[in-house]
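J.: When you get a sec, could you give me coordinates for this:
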Amino acid sequence: NAVNHYKCPFCDMTCPAPSSLRHHIRYRHEPGKPFPCSMCQHGCKNQADLHRHMETHTTGKPHRCDAPGCDFSARTLKTVRQHYRRVHQGAAAACYKCHCCEKVFSRGSILTRHLRVAHRFLWPPGYPRFRRYQEHEDGYRRVQLVRYETVELAEQLIKDCEE
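T.: Below you'll find the predicted structure:
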């Protein structure tokens, strides 16, 4: 498990690299969205996000699954890719498990929603969801509940007090 050494000065978020911290600050704390949508009031932080947003204004389902014999189509390419992974690559196997009630899920985002709704969990400030999953001996991934930065700091404080 990696220890994140770069802490956000605005919230409790920690990152493994300075570039990750810069990205976090830009998206979570800097005001302004300099890329406005020409069709609605939505604004984006960068051109790629605006392009992705523009797909929401598309009528019909122009993106098609290219798997042989599949007629799935969707408004966004992201949705088609998710479909392909789930249906054609077998990524739907449940590999995330709730540590509270042992329910299993196919995606970490679904486990996050379950923890929020069923168990009223709150994730750390600055995080859009639970991000750290740890694989256990049974092969399932569960939310990593320990902040290793805190453990490392506590161990150092104990060591300093003993000296």
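J.: if I pick the closest residue to residue 58 other than its chain neighbours, what's in contact with it?
T.: Spatially, and ignoring its direct neighbours in sequence, residue 58 is nearest to residue 75 (5.3 Å; C-beta to C-beta, 6 or more residues apart in numbering). For every residue, glycine as well, the C-beta is placed using N, CA and C. Shown in contact with residue 75 (C-beta atoms under 8 Å, 6 or more residues apart in numbering): 55-56, 58, 60-63.
J.: Can I get the buried ones among those as something I can paste into ChimeraX?
T.: Filtering these down to the buried ones (16 or more other C-beta atoms under 10 Å) takes a single ChimeraX command:
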select :63
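J.: and which of the contacts of residue 75 is nearest to residue 106?
T.: residue 63 (21.7 Å; C-beta to C-beta).
J.: Is that closest one bridged to anything, and to what?
T.: residue 74 (DSSP bridges).
J.: residues contacting it?
T.: Here residue 63 is in contact with 73-77, 79-80 (criterion: C-beta under 8 Å, 6+ apart).
J.: same deal with residue 62?
T.: Shown in contact with residue 62 (C-beta under 8 Å, 6+ apart): 73, 75.
J.: Quick one: the strands in the protein, in order.
T.: Ranges of strands in the chain, per DSSP state E, are 6-7, 14-15, 35-36, 43-44, 63-64, 73-74, 96-97, 104-105, 133-135, 141-143.
J.: Quick one, which of those strands gets closest to residue 115.
T.: Short answer: strand 141-143, nearest of these by C-beta to C-beta, at 6.8 Å.
J.: tell me which residues in that closest one are buried?
T.: By 16+ other C-beta under 10 Å, the buried positions in strand 141-143 come out as 141-143.
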